[in-house]
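A.B. asks: predicted model and sequence follow; I will ask about them next.
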Amino acid sequence: MFGLNHILYMVISALVSAGILILMYYKLDTEDKKIGGLKFFAIVTVILHYSSLWVDYLEDREATIGSEMLFAVHPCHVLMWMLLVSSFLQKKSGNISGKIVQLMNEFLFFGGIVCGSIGIIINENFGNNPTLTDYYVLKGLLSHSTMIIGCIYVLVGGFIKIRVKNLFGIIAGLSLFIVDGVIVNSIFAIAGLDTPNSMYLMEPPFANMPWLNTAVIGVAALLVGFTATAIYEAIALPKEERWYTLLSAKIKARKEAR
């Protein structure tokens with residue numbers, strides 16, 4: 001890991017992704033085009049994720065299906081499916097459905113960048129087999145790259161605005177991670193199989209950092225999310241539009257209504 005091939009992939013992927021996002025920003029100028037762009041990268045990500053099965057079958061006349069193909073074991077699996085679902089629900093304008101899509105979009109942007117980047121930088125498959133000639137390794141890196149493009153485009157395409165209230169989306173997404181992890185780990189336990197440590201609920205992600213458990217990661221994510229969005233509001237928004245002003249106004253209005 002972090003050999004020449006890995007570093008080159010990260011640099012090239014970052015440059016190509018930035019170029020694609022800039023192109024999408026200027027070329028996709030209608031709502032339908034923007035949703036189409038989001039759908040494209042969501043679908044491509046899913047296809048890349050499963051493409052190794054087709055390659056294995058065509059090469060060996062058989063394909064082995066791992067747990068990560070059948071279950072959302074890792075955070076990026078949840079984000080991949082969330083990106084797909086979100087891309088097909090963008091025009092839902094109902095009160096409840098609209099809020100759900102908004103929460104999904106907010107978590108996709110923040111969670112997608114963090115988890116997708118970690119999936120490229122600390123890629124377990126690449127660490128076990130540090131080569132880009134193995135299609136299973138390559139498609140894992142490519143699918144993370146396309147997912148990151150889709151997740152960043154949620155902001156670039158104007159589907160969300162960076163605000164402190166994005167924390168609600170982050171909380172909802174982290175909660176979904178926990179629910180998914182409990183369900184997947186429980187299914188394996190009931191079936192008498194070794195736990196896949198879904199969402200790292202059973203063991204921390206890094207053996208040499210046992211203190212970095214799910215709870216610590218979740219709290220850190222909320223603190224970083226709040227700090228980043230609060231700084232953005234302080235720089236980009238007038239005082240009357242910032243989170244603390246709006247919160248103060250709501251509290252005052254409720255007191256006056258009593």
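C.D. replies: Nice, thanks for sending it over. Keep in mind that this is a model prediction, so the values were computed, not measured.
A.B. asks: helix/strand/coil for the residue nearest in space to the middle of the chain?
C.D. replies: Centroid-nearest residue in the chain: residue 112, 2.5 Å away (criterion: C-alpha atoms, centre = their mean). The three-state label given to residue 112 by DSSP: H, G, I helix; E, B strand; the rest coil is helix.
A.B. asks: where does pLDDT dip in the stretch 1-150 of the chain?
C.D. replies: 1, 92-94 (pLDDT under 70).
A.B. asks: what ranges do the helices span in it?
C.D. replies: 4-27, 31-60, 67-70, 75-88, 95-121, 124-128, 135-156 (DSSP state H, counting those that start in this stretch).
A.B. asks: how about the closest residue to residue 143 other than its chain neighbours, what does it touch?
C.D. replies: Once flanking residues are discounted, residue 143 sits nearest to residue 48: 3.9 Å by C-beta to C-beta, 6 or more residues apart in numbering. Bear in mind the C-beta positions are built from the backbone N, C-alpha and C, glycine included. For residue 48, the contacting residues are 139, 142, 143, 146, by C-beta atoms under 8 Å, 6 or more residues apart in numbering.
A.B. asks: and residue 174, by the same measure?
C.D. replies: With C-beta under 8 Å, 6+ apart, residue 174 has these contacts: 107, 111, 218, 221, 222.
A.B. asks: got a markdown table for the residues you listed, with neighbour count and distance to residue 235 too?
C.D. replies: Shown next, in a markdown table, are the contacts of residue 174 (neighbours: other C-beta atoms under 10 Å; distance: C-beta to C-beta, whole Å):
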| residue | neighbour count | distance to residue 235 |
| --- | --- | --- |
| 107 | 29 | 23 |
| 111 | 25 | 23 |
| 218 | 16 | 26 |
| 221 | 18 | 21 |
| 222 | 14 | 21 |
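A.B. asks: can you list the buried residues in stretch 39-54?
C.D. replies: 39, 40, 41, 42, 43, 44, 45, 46, 48, 49, 51, 52 (16 or more other C-beta atoms under 10 Å).
A.B. asks: returning to that earlier point: and the contacts of residue 48, which is closest to residue 118?
C.D. replies: Lowest distance from residue 118 to those (C-beta to C-beta) belongs to residue 143, with 13.8 Å.
A.B. asks: hmm, that closest one is touching residue 41, no?
C.D. replies: No: Residue 143 lies out of contact with residue 41 (C-beta atoms under 8 Å); the separation is 10.4 Å.
A.B. asks: how much space separates the closest residue to residue 112 other than its chain neighbours from residue 212?
C.D. replies: Spatial nearest neighbour of residue 112, chain neighbours left out: residue 151 (2.5 Å); criterion: C-beta to C-beta, 6+ apart. For residue 151, the distance to residue 212 equals 23 Å [C-beta to C-beta, to the nearest Å].
A.B. asks: if we can go back for a sec, tell me which two in the contacts of residue 48 are the farthest apart.
C.D. replies: The largest distance within the contacts of residue 48, taken as C-beta to C-beta, falls between 139 and 146 and amounts to 10.2 Å.
A.B. asks: neighbour count for those two, which is higher?
C.D. replies: residue 146 (25 against 18; other C-beta atoms under 10 Å).
A.B. asks: the more buried one and residue 44 touch, don't they?
C.D. replies: Yes: contact criterion C-beta under 8 Å: residue 146 and residue 44 qualify, at 5.0 Å.
A.B. asks: quick revisit: between the helices of the stretch 1-150 of the chain, which one is closest to residue 258.
C.D. replies: helix 95-121 (25.9 Å).
A.B. asks: name the helices or strands packed onto the closest one?
C.D. replies: helix 4-27, helix 75-88, helix 135-156, helix 167-190, helix 214-236 (3 or more C-beta pairs under 8 Å, 6 or more residues apart in numbering; DSSP states H and E).
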